[in-house]
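1. Quick one: sequence and predicted model below, then my questions.
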Amino acid sequence: MGQQTNFFMLSEDETQFLEFVSQMNIVKFLKQQYENHFEEAVLEKISAPTVENHETIFLWDSRQKMLPEYINHQEICHYDKENSNLIHTGMFKYYIDISQAPVIEFQRSFIRKDDVLVPGRIWADMNRVVNNRMENKGDDFISLYKYLAKYIRTNSKHYKNTHEYFCSFANKWFVNGGKVFLSASNRIVSYEDF
């Protein structure tokens, strides 16, 4: 069963959160997918989210190994419209399986082209399948998720009837006229709507 904490973050909030995570020295930042070797998935630097680039990042609890069974792959193919053929390249993309791996999904909050702030979240599946049985990912992993969720909650403002936490810079932006997309109610609101 997964757990999630939804939030609104501006790039300044994200920088503070990622610095907090980095200081723990047990979490590594990963891309969701890579093309050759697992080392390519490890991110040394994370650029600020934009409309064009707001990819999801995995927060890997590196106290646990990244086992081969946590990685899926798919051949990269191209479609030849002229001949209606699928061309096999022999190259592969590799995907980290969030349901199995000791990773927390960090889906980034970002501002759309219409100046509406979209929520992000941290999400983790606390269990994985081992020998056809469900097993939790361990107390350390669960504690890590809860610790990160607590950081977000304690450094944020929460408004009644919302599922999202407003991190400090995002909240200032919101109070000063910014609009946000509330995912649960599927609507755009401003501070005056509260």
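-> Now that the structure is in, tell me what you want to look at. Residues are numbered from 1 along each chain as shown.
2. hey, C-alpha coordinates of the longest helix anywhere in the chain in CSV?
-> Counting residues, the longest helix found in the chain (DSSP state H) is helix 139-154. Provided in CSV are the C-alpha atoms of helix 139-154 (Å, rounded to 0.1, in the frame of the first residue of the first chain):
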residue,chain,number,x,y,z
ASP,A,139,11.5,-0.1,8.9
ASP,A,140,14.3,2.2,7.8
PHE,A,141,12.6,2.8,4.5
ILE,A,142,9.2,3.5,6.1
SER,A,143,10.9,5.8,8.6
LEU,A,144,12.7,7.7,5.8
TYR,A,145,9.4,8.3,4.0
LYS,A,146,7.7,9.5,7.2
TYR,A,147,10.6,11.8,8.0
LEU,A,148,10.5,13.4,4.6
ALA,A,149,6.7,13.8,4.8
LYS,A,150,7.0,15.4,8.3
TYR,A,151,9.6,17.8,6.9
ILE,A,152,7.1,18.9,4.2
ARG,A,153,4.2,19.2,6.7
THR,A,154,6.1,21.1,9.3
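3. Tell me the helices and strands packed up against the following helix or strand past that helix.
-> Remark: after helix 139-154, the chain's next helix or strand is strand 156-158, criterion DSSP states H and E. With contacts defined as 3 or more CB pairs under 8 Å, 6 or more residues apart in numbering; DSSP states H and E, strand 156-158 has these neighbours: strand 164-167, helix 168-175. The C-beta positions use only the backbone N, C-alpha and C, and glycine is treated the same way.
4. so which of these is the most packed in?
-> strand 164-167 (a mean of 24; mean count of other CB atoms under 10 Å).
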